[in-house]
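Asks: prediction below, plus the sequence it came from.
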Amino acid sequence: THGLIYLGYRYFWLAACAVLYILTAVFTAGSLGVDMTSLVALLSVCSLGITLAAEDILGNVAGGLVILSSHPFTIGDFIEVNGASGTVEEININHTKLQTLDGLMILLPNKELAGSKVINYTVLGRRRVTWTLGASYDAPTEAVKAACQMAVAETARILPDPEPSVCLTNYADSSIEYTVYCWAETADYWAVKCELGERLREAFAALGVEITYQHLNVHLISPEQKPKSGS
C-alpha cells in the first residue's frame, strides 16, 4: 500500500516538474526576444488534448490515493458499491478488483469508488441476519414467537450478543408478518441465514403454526341469504 502511494505521488511530481520545465523554457525564450506566439498556441492545444485524454487516468490515480490513504476497505473485505458487490481481490492506483459470489471479476475505476457510497460488510466482523415471514391471522402471537425462538435455538453459529429477537412488524392483506433478528460473524452470515430459514419452516410445522401466502377469500351468498328489499 505504501509503495503504491509513493508511486502515485512520484508520478504526480514528475508531471508537475515537466510542466515547470516547459514553462521555464517558454518564458526564457520569450525574454531573449524569440517569438513564441506560435509555439505557445501549439503548446496550449497540445496541453488541452493531453488534459482531456488524461482526465480519467488522473482521476483514477487521485481516487486510488484517496482509497489507499483513507482505508475504507482492504483486500479480503466484502463490499458493495453502485449495485456491484464482491470480495476485494486487488487495489492498485487505477482500479480495484472485486470477485463476485457467482465467480465473476469486476474492475471498478478508483475515480468512481472514491466518489460513491461504499458499503463494507466485513469491517465490523459481524452482520445482522433478518428473516421476515407471514403467519395466519388465526395463529396466536405467542405461538408464532415460540416457533421463531425454537428455530433460532436450533440454528448453529448465531451469536448470543446481541440477543436474538422476534417482532410483529406488519399486518398484511393475507397474513401477520413477523421478523426474526439475530447476529452472526461475517464469515458465517450466509450459512446462518440459510439454516435459519430451514429451521423456521420445521418449527412452524412442529407447533402447528400456518405460514400463509398471498390469497383471496371469496364468499358466495345463496339467494335465500340475500337481504329482502325494504328490510
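Replies: Yes, it's here.
Asks: show me where pLDDT drops low in this protein?
Replies: 1-23, 25-58, 215-217, 219, 223-231 (pLDDT under 70).
Asks: how about the strands in it?
Replies: Here the chain has its strands, by DSSP state E, at 78-81, 84-91, 95-99, 105-109, 118-120, 126-135, 165-171, 176-185.
Asks: sheet partners, orientation included, of the third one?
Replies: Paired strands of strand 95-99, with direction, are strand 84-91 (antiparallel), strand 105-109 (antiparallel) (DSSP bridges).
Asks: among the ones you listed, which is nearest Gly197?
Replies: strand 84-91 (20.4 Å; Cβ to Cβ). The way it works is simple: take the backbone N, C-alpha and C, and place the C-beta from them, glycine included.
Asks: list the buried residues in the closest one.
Replies: Buried residues in strand 84-91, counted by 16 or more other Cβ atoms under 10 Å: Gly86, Thr87, Val88, Ile91.
Asks: quick one: the last one from Glu80, how far?
Replies: Counting by Cβ to Cβ, to the nearest Å, the separation of Ile91 from Glu80 is 16 Å.
Asks: and what of the first one?
Replies: According to Cβ to Cβ, Gly86 and Glu80 sit 8 Å apart.
Asks: same check on the third one?
Replies: For Val88, the distance to Glu80 under the criterion Cβ to Cβ works out to 11 Å.
Asks: quick one: which of the strands of the chain is nearest Phe204?
Replies: strand 126-135 (7.6 Å).
Asks: one step back: would a markdown table of the strands of the chain with distance to Ala151 be doable?
Replies: Shown next, in a markdown table, are these (distance: least, Cβ to Cβ, whole Å):
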| stretch | distance to Ala151 |
| --- | --- |
| strand 78-81 | 26 |
| strand 84-91 | 27 |
| strand 95-99 | 32 |
| strand 105-109 | 35 |
| strand 118-120 | 28 |
| strand 126-135 | 9 |
| strand 165-171 | 10 |
| strand 176-185 | 7 |
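Asks: wait, which of those is closest to Ile221?
Replies: Judging those by Cβ to Cβ, what sits closest to Ile221 is strand 165-171, at 26.6 Å.
Asks: that closest one pairs with which strands?
Replies: Going by DSSP bridges, the partners of strand 165-171 are strand 176-185 (antiparallel).
Asks: buried residues in the strand it pairs with?
Replies: For strand 176-185, by 16+ other Cβ under 10 Å, it's Ile176, Tyr178, Val180, Tyr181, Cys182, Trp183, Ala184.
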